[in-house]
Structure formats: structure tokens, C-alpha cells
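1. A predicted structure for the sequence below; I have some questions about it.
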Amino acid sequence: MKKSSAKKRAPAKTSRSDFYQLRLYIAGHTPNSIAAIANLKKICEEKLQGKYRIEVVDLLEKPQLAKGDQIIAIPTLVRRLPPPVRKIIGNLSKTESVMVGLDLQPAR
Amino acid sequence: MPRTKSKVVRPSLAKAPTGIQGLDEVTGGGLPKGRVTLLCGSAGCGKSLLAMEFLVHGAVQYGEPGVCMDFEETEEKLAANVASLGFDLRELSKSKKLLVDYVSVERHEIAETGEYNLEGLFIRLGHAVKAIKAKRVVLDSIEALFSGLRDDTILRSELRRLFQWLEEHKLTAVVTGEAGEHTLTRHGLEEYIADCVIALDHRVTEQVSTRRLRIVKYRGTSHGTDEYPFLIDREGISVVPITSLTLAHKVSTDRISTGIPALDEMMEGKGFFCGSSVLVSGTAGTGKSSLAANFTGAACARGEDCLYFAFEESPSQILRNMRSVGIDLEPWVNRGLLHFHAMRPTSIGLEGHLAAIHKMIEKLRPSVVVIDPITNLVSPAGTYDVKSMLMRLVDFLKVEQITSMFTNLTFAGDPQARTAAAVSSLMDTWIVLRDSKLGGRSRRELYVLKSRGMAHSREPRELIVSERGIDLGGVLTDYNSSPTVAGLTRVVASE
């Protein structure tokens, strides 16, 4: 299974403004990375069906990409669209925090 | 029974020179190679500058490329800062000698949702190190992570891992940390650094700032635990080492003229010893500066370089005043033999002055140094400070075999006279000047209170200052021996 640059596409038929372009930075297939990928997929399928795209970047393979998004922690999820850019770090196990971080749910 | 040879083999610790004047001396060659050094201090103490100099000098002078992970300043800002020291960061990064990676950690952009580590940082650092085959790394200031990330436990274990990583990769690293209230660094970084910790300090006492550097620990190296004053100027940092911890400097038997034949005559006909220190003390208007100027003039006439530190008057004022007493120093200035360096005593702290004096001397390597007067340095600081500063300076001058003359203004009955007494023990020769009124005639008197290692005349002479220069009169026979020590507190008769 190669996740490094595999892009999981979903049909992007909805309007641009509520389309979610997400990039998940990992470094090798560590338990946290695997958990983050699974957690992210689950949340997106539940909340953003059909209007999201996840790109997984493995920094072990593409270390030069870490600088651009100012990555220090692994895993880091970057919401590139819709603006503004948001960063969420951790294995995304706290679903509620992820939703808040992605603006899918208003902060309580 | 034959004595068994107990030979302890101590592999000397490899050092990475910083290229910073003085710092390599006090650390015995530089920072521990392949280890992590913590540099701590409050804001504005010069941490970043020192770290950056370490990196730039490494890249330029020692063939060790360096990576700077900067958590505070962007590449552009850093380039501007380094440019002020005369280094072109862009050129250095183009030639793959230096690489700057600006790491931005903004808490408000980051939400934390479960476990993570700082592998991203490791990968970035590793990538940068690999790209230019770096040998040196600066992390400035890694404490920014503490404000950006919430999970202290993760952060601390990751920092420990980071420092291990640096050592595993044999990188000589400098990590900076902000001073805490009761700890060396705000977040206790010192807990993770075992090899070398250097603290910088920037103190302001009585409106005068002084910068000091202290080596808190340096495993495997004997180091001074003193605070070393340091200076930041256009050329960066220079640290003033205590040059001789032992009194082991070579002494010279060569002699140097005082500039007045009659005064030479009082000292075995030969004058001062080369490399000795001379104190000229006296009340106002007794001719201290004239004596010093005459001494420098004579040295210049012999073709020797002189460095004149003026703390009271501007160079042009000194030149004009000295011309009026027949001492023309201007030709020597024009010929580049005499160098004036004038500054206000209160412009920088005592240590700052010491550092500045040090630096000038290192640069010019003169054979004669005059400090006129040391009294003005006393005012912003206590007597103890002055003594310790002068001790360092005198030691340094002696090691360098530079003959030095210090003038000291004393006031009749003033506690400042104690300063002269305090510093006099450091001096090899002490010449006392004073005013006296005898028989209604005012005159200046000179006598040699002490002069180590030579038979000298102790008889007072009249000091004659005229438009034809300065000279000594005959031995004063009507001299009344003063009841007080060294005549320092002799009360000048009022009109």
C-alpha cells in the first residue's frame, strides 16, 4: 500500500467554496500516521461526503515539502481549502477537536 | 620497588572554534565538537548574534557549513542582521555554506487532536543538514515551540530526542534559550544539555549597561567561572578573557625612556621597564596629561606605535593643549604612529570600556598605551570593579609587553585617593605629582613613589612645564615631608 502521493479523489461537483482540500503530512507508517489516515477518512466520509479531497504526503519520501506548510509535528493535517488555511496536529483521534479545527462544527 | 608509571590518557575534547575574539580563549578552543551547547540569557543579551557568528565563522573560516533553524526571524530579517556584521547570507547560502530555515510556530493556527511527535522538525533539519553537509546547527530559539504547542510532555520528550539526534549525527549545535526568573532558561532547557552551558547577561547599573558572559558548565574542560565582559560592535562580539590567571608573564629587562631625560636619570638613567605599568597620580593641573603626552611623543619619535585613550578631552583638544606646552603630537598622528581613541566614560559600562580597549590594542598592537585618566572610569562604578578591570587590563598589557601609563586625578582629602591606593598595587611604577606653595611661589612637584625592580631616586623634583616642553628642576631641598601617606591627601594651600 503506497500512500505517499496517492490522492484519494472524490467527485468534486459541489461549489468551490465548500470543497475541502486536505493534506495530511505523515512520516512513514507509524501507528499515529495510520491512525490519522483512518480517522480522517472516517470523519470526511461522515461529514463531507463528496466534497473533499485528501492528499497524503510522506515526508520521509518528500522532506522538501515540510518547509512550505511549516510542518514541525507529525501527523499534521492542513486544510488548504476552503480558506483560511488551518493546521491540525495529532492522530486526529479526538473527533470533536478535528471537527472544530476544520470548522465543521462551531466551537463550544 | 620501581614506581609504576601511572599515565592517565585523557583524550582531549574536540573543539569547534567559534571564531569570536576571546570566546575561544576562555573555552579553551571553542564549543564542544559534536555536542549541544546551550546559550541562555534575557532578551537582547546577544544570544542570537553569538549563535549566528558561530555559524557564519564556521562556514567562512573553518570550512564547516551550518544550518540555522530560526524560530523567530525570517530568512530576510536574518540576512539583514548578518549583513550588518559584513556577511552576505545570500551569497553563503548560494555557495551552500549556510542554510536558514525559518520555522513558524503559531499557536492560533494549530489545533491539537491526539498524539503527535515532532518528526516534521527532525525531517526538516535532517534535510537541511544533508543538503549542505552541515557540521554546525543553530536552533534559535527552540523555546518558541513551548508557546506554539500545548502538550508539554510530548515537547519535552521530543526535545530530548532532538538533542540526542544532533549528537548522533555529530553536529556541533548551539541552542538558545530565554532566561527564566529563577532558572537559566524559562523552560528548563538546561536539564537536557549536559555538555556546555553559556549564560549571557546584560545589566544596567546606574544607567550604564554592561554585557557579561559566563560559562556555567563545560564538561571535560577546565574553564574560568568568572564573568567575562563582552562587547557588541560593528564587527560582532568580542569577549575579554582574563589573560593571565597566573602571574607568569615574562618580564623584560629592556628599558623605555620616560620622555624626560632628567626623569630617566632618576630611574637608573634608563627610564621605565618595557611592558611595565606606570601610574601617574596627582591633583588637578599638576601636569599628568602633559607627562603622558610627553611620554607618547617620545615613543613616537622612536618610531613606536602609541595608543592614547582619552576619557576627558577630545583628541583635538589634547593636541591643542599639548602644543601650548611645547609638545607637538600632530605629526605623529598624521604619520599614523599615534592613535587617539576618545570616549565618554559614561558612554558604556566599565566592562564595555575594557572590551573596547582590549579590542583596539589587539588590532593595533602598539608598544605604548596611555589611559588618560582612569579616574573618569571610576565614577560610574565602584572601586572594586575598577580594580578588577584594571587588573585584567594590566595583565593583558604585560603579557603583550606593552608599556602602559595611567593617569589618575586625585582630590585633596577625597575618598577617590583610595582608588589610587587600590590600583597602585597593580602598578610597577608610581609617579606622584602635586602642587605646592612654598614661600609664596606655586610650583609643581614630581617624585617617584615606587618603581619595582630598580634603584630609583625618591627625592622630589620640581616639574617645569613651559612652552618649550616639560622638564625637571633640581632636587627640592626645601621640601617638607608630608605627614600623610604618599602625599595623596596633602592639602593644597588655599589662596
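-> All right, it came through fine. Residues are numbered from 1 along each chain as shown, chains lettered A, B, ... in the order given.

2. Do you know the pLDDT at the closest residue to B:Ala131 other than its chain neighbours?
-> Leaving out its chain neighbours, the residue that sits closest to B:Ala131 by C-beta to C-beta, 6 or more residues apart in numbering or on different chains is B:Leu99, at 6.4 Å. Every C-beta, even on glycine, is put in place using the N, C-alpha and C of the backbone. pLDDT for B:Leu99: 92.

3. Please, which helix or strand holds the spatially most central residue of chain B?
-> Among the residues of chain B, the one closest to the centroid is B:Ala355, at 2.5 Å (C-alpha atoms, centre = their mean). Element membership for B:Ala355, per DSSP states H and E: helix B:350-364.

4. mind listing what the helix or strand just after that helix pairs with, with the direction of each?
-> Next along the chain after helix B:350-364, taking DSSP H and E as the criterion, comes strand B:368-372. For strand B:368-372, the paired strands and their directions (DSSP bridges) are strand B:306-310 (parallel), strand B:403-409 (parallel).

5. List the residues that contact B:Ser442.
-> B:435-436 (C-beta atoms under 8 Å, 6 or more residues apart in numbering or on different chains).

6. and it, what helix or strand is that in?
-> Going by DSSP H and E, B:Ser442 is part of strand B:441-451.

7. Could you list the alpha-carbon positions for that strand in CSV?
-> The C-alpha trace of strand B:441-451 is given here as CSV (Å, rounded to 0.1, in the frame of the first residue of the first chain):
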residue,chain,number,x,y,z
ARG,B,441,55.6,80.6,45.0
SER,B,442,53.4,78.0,43.4
ARG,B,443,55.1,75.1,41.8
ARG,B,444,54.6,71.6,40.6
GLU,B,445,56.4,68.7,42.3
LEU,B,446,57.2,65.3,41.0
TYR,B,447,58.6,62.3,42.7
VAL,B,448,58.8,58.6,42.1
LEU,B,449,56.9,56.9,44.9
LYS,B,450,57.8,53.5,43.8
SER,B,451,59.4,51.7,40.9
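
8. buried stuff in it?
-> B:444-451 (16 or more other C-beta atoms under 10 Å in any protein chain shown).

9. Tell me how confident the model is about it, as a mean pLDDT.
-> Rounded mean pLDDT across strand B:441-451 is 85.

10. Let me see the domain layout of chain B.
-> With domains defined by automatic domain parsing, chain B comprises B:15-109+B:117-239, B:255-487.

11. weakest of those domains in terms of mean pLDDT?
-> domain B:255-487 (a mean of 82).

12. roughly how far apart are the closest residue in space to B:Lys217 that isn't next to it in sequence and chain A?
-> Nearest residue to B:Lys217 in three dimensions, chain neighbours excluded: B:Val197, at 4.9 Å (C-beta to C-beta, 6+ apart). Using C-beta to the nearest C-beta, to the nearest Å, one obtains 25 Å as the distance from B:Val197 to chain A.

13. Could you list the low-confidence segments of chain A?
-> A:1-17, A:105-108 (pLDDT under 70).

14. Off-centre distance for the longest helix along it?
-> Ranked by number of residues, the top helix in chain A under DSSP state H is helix A:31-47. Here the centre of helix A:31-47 is set off from its chain's centre by 8 Å, with C-alpha atoms, centre = their mean, to the nearest Å.

15. and the closest residue to B:Ala144 other than its chain neighbours, what does it touch?
-> Nearest residue to B:Ala144, sequence neighbours excluded (C-beta to C-beta, 6+ apart): B:Phe71, at 3.6 Å. Counting by C-beta under 8 Å, 6+ apart, B:Phe71 touches B:102-105, B:139-145.

16. at 10 Å instead, please
-> A:72, B:101-105, B:121, B:139-145, B:147-148, B:176 (C-beta atoms under 10 Å, 6 or more residues apart in numbering or on different chains).

17. just B:Gly180 next, same as before
-> B:40, B:42, B:143, B:186-190.

18. hmm, 8 Å instead?
-> Counting by C-beta under 8 Å, 6+ apart, B:Gly180 has contacts B:186-188.

19. Name the member of these with the most neighbours.
-> B:His187 (19 neighbours; other C-beta atoms under 10 Å in any protein chain shown).

20. residues from chain A in reach of chain B?
-> Residues of chain A lying near chain B by C-beta under 8 Å from any C-beta of the partner chain: A:25, A:27, A:32, A:35-36, A:39, A:59-60, A:63-64, A:66-67, A:70-76, A:85-94, A:97-98, A:100-101.

21. Which of those fall within strands?
-> If you go by DSSP state E, the residues of chain A next to chain B have A:25, A:76, A:86-89 in strands.

22. Among those, which one has the most neighbours?
-> So for these (other C-beta under 10 Å), the most neighbours sit at A:Ile89, 30 neighbours.

23. Surely that residue touches B:Ala111?
-> Yes. Assessed by C-beta atoms under 8 Å, A:Ile89 is found in contact with B:Ala111 at 7.3 Å.

24. what's the span of stretch B:87-100 from first residue to last?
-> 14 Å (C-alpha to C-alpha, to the nearest Å).

25. what's that stretch in contact with?
-> By C-beta under 8 Å, 6+ apart, the residues outside stretch B:87-100 that reach it are B:55-56, B:59-60, B:65-68, B:70, B:75, B:78-79, B:82-83, B:128, B:131-132, B:134.

26. Next: stretch B:456-470.
-> By C-beta under 8 Å, 6+ apart, stretch B:456-470 touches B:260, B:262, B:265-268, B:286-287, B:290-291, B:294, B:324-327, B:433, B:443-450, B:471-476, B:479.
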